[in-house]
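Asker: fold the following.
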Amino acid sequence: NPASNMKLLTTASALKILGPNYRFDTRLLAVRSTVQDSIIQGDLFLKGGGDPDLISEDLRDLIDQLIFLGIKKINGNLVADAAFLDSLPRGRGWMWDDDPDDYAAHLSALTLNDNCVDVFAKPSDHLFDKVKLFLLPETNYVSVENNGITGDSSQTDNLKISRKWMTGENIITVRDTLPINAPLYQIKINIEDPTLYTVTVFKELLAQNGIDLHGTILKGKTPDGAETLAVHRSQPLTNIVENTNKISDNLSAELLLKTIGAVTGGEPGSAKKGLQAMRNFLQQIGIDSLSYYVVDGSGVSRYDVITADLITSLLAYMYHDFAVGSEYLSSLPIAGVDGTIQNRMTGTAAQGKLRAKTGSLLGVSSLSGYASTQDGDVLAFSILMQNFIRSAKPYRDAQDSIGVWMAKFHWGSGKK
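Answerer: Predicted coordinates:
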């Protein structure tokens, strides 16, 4: 099992199939005949394009474009259109109890703020009072049951913040104790139904910006012939791939895979369509489809099976690919510098000379990428470890030792 080394396949496929300059569009549309002066006499459609990086500020940008057009009132419904991708909220083989962790954020073509809310807690000024809470974004889409108590400074910080995920409710629960001298506590919690979450926050922002919505919020599909009133374009795919690999972002990887599916196999994009396109790409570069078995884009699934030989073959191909090789290489974390290996191999020969993608699940630890030797050669490598019990630290330490050895490697005076 590769864990997040699966992202090496997904991001390579995205760069090759979608192209480094691909952008995700989020649009506001309406039937042209319904737009009359400052009023939309009909429904307004918020259409998602699978942008994994959409944030509340981007929704404000869409509203600013409406305001520029003079729109002040919508005499219809606000319709969330997430039909660009399928409606499956999780990857195949994901653990049912990964909720409400942010690494298992639910999937949708309309994605906002990583499909999570940030919950901040701080102690009250008075002992035994409830802790103070605030959420970003501030939205009525989630509610809070606060039973967290401000404790004495001698007490242990055992504050627990979760969500009523077993019943599929967007209710944040807070319990136990936060000492009165504790620093600000922050946690990211995923939410149910990202499509409804996004359109709810958008509705609230419309009201805050003085645009009246006289209908309700719905899910639906944009009618043929509707015209674009406003559009937000994402960063180029190169930037999104870099974020995906540097911080190992599962949501981005899954949306990239489904988007590949939409572009190559038609809407709605799905993991199945995306994986077929990935298989086609890997076959074109000489990798036998019978040599691996993968079901998602991020590596969260325990069903994924990949060999180190496959990964090194892919890395070698991408390194020599003139079109996107440099973008792929630069997306990987740098030892001792940034991303998920920022604090690994520091102060060694590998610092700044090794770029690699990590992978971590319970009992699984992976590291695959490139190392520059003492001679200036670049080695592609893949280390996949699994089936161990307890801490992964000794296995990561072993990977780091191999990385340092590669960075120190010298062919000797007999070279060339």
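Asker: so where is the protein shaky, pLDDT-wise?
Answerer: Residues of the chain that meet the criterion pLDDT under 70 lie in 413-416.
Asker: ok, how many other residues are close to the nearest residue to Trp411 once chain neighbours are set aside?
Answerer: Counting by Cβ to Cβ, 6 or more residues apart in numbering, Asp375 is the residue found nearest to Trp411 once chain neighbours are left out, at 5.6 Å. Quick note: C-beta positions are derived from backbone N, CA and C, even for glycine. Close neighbours of Asp375, defined as other Cβ atoms under 10 Å, add up to 11.
Asker: ok, Asp375 to Leu205 distance?
Answerer: 56 Å (Cβ to Cβ, to the nearest Å).
Asker: which residues does the closest residue to Asp51 other than its chain neighbours contact?
Answerer: Closest residue in space to Asp51, ignoring its immediate chain neighbours: Phe24 at 3.6 Å, by Cβ to Cβ, 6+ apart. Shown in contact with Phe24 (Cβ atoms under 8 Å, 6 or more residues apart in numbering): Gly49, Gly50, Asp51, Pro52, Asp53, Leu54, Arg233, Ser234, Ile240, Thr259.
Asker: just the ones in helices from those, please.
Answerer: Under the assignment DSSP state H, the contacts of Phe24 contribute Ile240, Thr259 to helices.
Asker: only whichever of the contacts of Phe24 are buried, select them in ChimeraX.
Answerer: The following ChimeraX line selects those of these that are buried, judged by 16 or more other Cβ atoms under 10 Å:
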select :49,50,51,52,53,54,234,240,259
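Asker: tell me which residues in the one helix or strand Leu282 maps to are buried?
Answerer: Per DSSP states H and E, Leu282 falls inside helix 271-284. For helix 271-284, the neighbour count (16+ other Cβ under 10 Å) marks Ala271, Lys273, Gly274, Leu275, Gln276, Ala277, Met278, Arg279, Phe281, Leu282 as buried.
Asker: tell me which other helices or strands whichever helix or strand comes after it touches.
Answerer: Using DSSP H and E, the helix or strand that follows helix 271-284 in sequence is helix 308-319. With contacts taken as 3 or more Cβ pairs under 8 Å, 6 or more residues apart in numbering; DSSP states H and E, helix 308-319 sits against helix 6-17, helix 325-330, strand 364-372, strand 378-386.
Asker: which residue is the nearest non-sequential neighbour of Pro137?
Answerer: Pro137 sits nearest to Ser56 (Cβ to Cβ, 6+ apart), 4.9 Å away.
Asker: before we move on, what about Lys408?
Answerer: Counting by Cβ to Cβ, 6+ apart, the residue nearest Lys408 is Ala349, at 4.7 Å.
Asker: which residues sit in contact with that neighbour?
Answerer: Gln374, Val404, Ala407, Lys408.
Asker: isn't the first one right up against Gly412?
Answerer: Same thing as Gln374. No. Contact between Gln374 and Gly412 fails when scored by Cβ atoms under 8 Å: they sit 10.3 Å apart.
Asker: who has more neighbours, these two?
Answerer: With neighbours defined as other Cβ under 10 Å, Gln374 and Gly412 compare such that Gln374 has more, 13 against 7.
Asker: skipping its backbone neighbours, what lies nearest the more buried one in space?
Answerer: His410 (4.3 Å).
Asker: got the contact list for that neighbour?
Answerer: Thr373, Gln374, Asp375.
Asker: what lies in contact with whichever strand or helix holds Asp61?
Answerer: Secondary structure from DSSP H and E places Asp61 in helix 56-68. For helix 56-68, contacts defined as Cβ under 8 Å, 6+ apart pick out 26, 28, 46, 51, 112-113, 137, 198, 201-202, 205-206, 209, 211, 229-232.
Asker: which ones among these lie within strands?
Answerer: Per DSSP state E, strands hold the following members of the contacts of helix 56-68: Thr26, Leu28, Leu46, Leu229, Ala230, Val231, His232.
Asker: which non-adjacent residue is nearest Ile40?
Answerer: Nearest to Ile40 is Ile74, by Cβ to Cβ, 6+ apart, at 4.7 Å.
Asker: kindly provide the distance from that neighbour to Asp43.
Answerer: On the measure of Cβ to Cβ, Ile74 and Asp43 end up 8 Å apart.
Asker: pull up the overlap in contacts between those two.
Answerer: Gly215.
Asker: thinking again about what came up before, turn the contacts of Phe24 into CSV, including distance to Asp321.
Answerer: As requested, the contacts of Phe24 are exported to CSV (distance: Cβ to Cβ, whole Å):
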residue, distance to Asp321
Gly49, 26
Gly50, 24
Asp51, 25
Pro52, 23
Asp53, 25
Leu54, 29
Arg233, 26
Ser234, 23
Ile240, 18
Thr259, 20
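Asker: list the contacts for Phe381?
Answerer: Contacts of Phe381 (Cβ under 8 Å, 6+ apart): Thr312, Leu315, Ala356, Ser368, Gly369, Tyr370, Ala371, Ile402, Met406.
Asker: what do you get for Ala226?
Answerer: Contacts of Ala226 by Cβ under 8 Å, 6+ apart are Leu29, Ala30, Val31, Arg32, Phe45.
Asker: any idea how far the closest residue to Asn209 other than its chain neighbours is from Ala207?
Answerer: Spatial nearest neighbour of Asn209, excluding adjacent residues (Cβ to Cβ, 6+ apart): Ile63 at 5.1 Å. Distance, Ile63 to Ala207, using Cβ to Cβ: 10 Å.
Asker: how close does Leu127 sit to Gly148?
Answerer: Counting by Cβ to Cβ, the gap from Leu127 to Gly148 is 13 Å.
Asker: neighbour count winner among the two?
Answerer: Shown here are Leu127 and Gly148; by other Cβ under 10 Å, Gly148 has more neighbours (26 against 14).
Asker: which pair in the contacts of Ala349 spans the largest distance?
Answerer: Spatial extent of the contacts of Ala349 (Cβ to Cβ) is set by the pair Gln374 and Val404 at 11.5 Å.
Asker: please verify my assumption that Asn77 contacts Lys203.
Answerer: No. In this structure, Asn77 is not within contact of Lys203 by Cβ under 8 Å, at 10.2 Å.
Asker: need the overlap of contacts for these two.
Answerer: With Cβ under 8 Å, 6+ apart, Asn77 and Lys203 have common neighbours Ile217.
Asker: and the two? Which one has more around it.
Answerer: Lys203 (23 against 17).
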